[in-house]
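Asker: build me a structure from this.
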Amino acid sequence: VLTDPVVPCGQILALHLSIPSVFFLRGLPCSFDLQATQCADPPSYVPRTFTDNSDHMTFIQRVENLFLKSAESFLCNFAYLPFELLASDVLHRPVTMKELLSHGSIWLKRMDFGFEYPMPMMPNIVYIGGINCGKKK
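Answerer: Numbers count the residues shown, from 1 in each chain. A predicted model of the protein is given here:
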């Protein structure tokens with residue numbers, strides 16, 4: 001199943017049918033993509049989205065980054081609760097969002113380190129950055 005994991009209905013269907021899933025995404029809120037693939041994402045080194053911090057943060061920026069990671073964790077767990085309940089009903093067992101997304105076979109990420117902060121990734125993550133760029137005239 002080729003799906004976008006922002007709305008994990010495709011992943012729920014893939015798990016229910018026991019078929020592999022391929023995720024096509026730019027990024028997930030709350031770093032669910034990094035948590036599900038077990039990538040390193042320390043808040044003291046990796047800037048959070050929308051903070052405008054660079055990879056060379058001051059101590060105050062690192063503390064701010066830690067607070068934002070804690071806050072987004074709470075908010076995203078609340079926002080994705082309906083999908084966790086749906087997955088639990090369909091799969092007949094308790095399922096968390098992290099567990100649901102951890103079954104992705106291949107992650108096709110539309111990002112490029114020319115615009116993003118470089119970070120370690122797992123082998124099942126393939127970067128296909130540049131597909132959104134137009135030809136220069």
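Asker: check which helix or strand residue 23 maps to.
Answerer: strand 22-25 (DSSP states H and E).
Asker: who touches the next helix or strand after that strand?
Answerer: With elements assigned by DSSP H and E, the helix or strand that comes after strand 22-25 is helix 32-36. Under the contact criterion CB atoms under 8 Å, 6 or more residues apart in numbering, helix 32-36 has outside partners 5, 23, 25, 27, 39-41, 76, 80, 97-98, 100-102, 104, 107, 109, 119. Placement of C-beta: from N, CA and C, glycine included.
Asker: for residue 4, see how far away the residue nearest to the spatial centre of the chain is.
Answerer: Note on the chain: the residue nearest the mean C-alpha position is residue 33, at 2.3 Å, using CA atoms, centre = their mean. Plainly put, residue 33 is 11 Å away from residue 4 if you go by CB to CB, to the nearest Å.
Asker: now for those two: what residues contact both?
Answerer: 23, 25.
Asker: in this structure, which helix or strand is least confident?
Answerer: Sorting the helices and strands of the chain by mean pLDDT, DSSP states H and E puts helix 32-36 at the bottom, at a mean of 83.
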